[in-house]
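Peer 1: the amino acid sequence is not available; the structure is as follows:
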């Protein structure tokens, strides 16, 4: 029974050491995510400008 308890303690300790509390990103992933975010922001800004231009054109008719 004592050996079984030690086995469970060892397995639990091993599982704590091999799992991480948060996801870690590598530099390449961070750069890729930043590029995607920037691209999305540019697309959103272009859509906003396009909508404003359409509104001004519609108002002048």
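Peer 2: Happy to help now that I have it. None of these values were measured; they are calculated from a predicted model. Residues are numbered from 1 along each chain as shown.

Peer 1: hey, let's count contacts and neighbours off CA atoms from now on
Peer 2: Noted.

Peer 1: and the helices in the chain?
Peer 2: Assigned by DSSP state H, the helices in the chain fall at 2-18, 27-60.

Peer 1: could you save those helices as TSV and add columns showing mean pLDDT and mean neighbour count?
Peer 2: Compiled in TSV, the helices of the chain are given as follows (pLDDT from 0 to 100; neighbours: other CA atoms under 10 Å):
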stretch	mean pLDDT	mean neighbour count
helix 2-18	84	10
helix 27-60	90	11
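
Peer 1: spatially central residue for this structure, please.
Peer 2: Centroid-nearest residue in the chain, with CA atoms, centre = their mean: residue 33, separated by 7.3 Å.

Peer 1: tell me the spacing between that residue and residue 26.
Peer 2: Separation of residue 33 from residue 26 (CA to CA, to the nearest Å): 11 Å.

Peer 1: what's the answer for residue 44, then?
Peer 2: Applying CA to CA to residue 44 and residue 26 gives a distance of 27 Å.

Peer 1: one more: residue 4?
Peer 2: Separation of residue 4 from residue 26 (CA to CA): 39 Å.

Peer 1: likewise for residue 8?
Peer 2: Residue 8 is 33 Å from residue 26, by CA to CA.

Peer 1: what of residue 5?
Peer 2: Relative to residue 26, residue 5 is positioned 38 Å away (CA to CA).

Peer 1: how about residue 11?
Peer 2: Residue 11 sits 29 Å away from residue 26, going by CA to CA.

Peer 1: repeat for residue 14
Peer 2: As judged by CA to CA, residue 14 and residue 26 stand 24 Å apart.

Peer 1: what do you get for residue 61?
Peer 2: Note on residue 61: its distance to residue 26, by CA to CA, is 53 Å.

Peer 1: quick one, which of the two is more surrounded?
Peer 2: Legend: neighbour count by other CA atoms under 10 Å for residue 61 and residue 26, higher for residue 26 (8 against 5).
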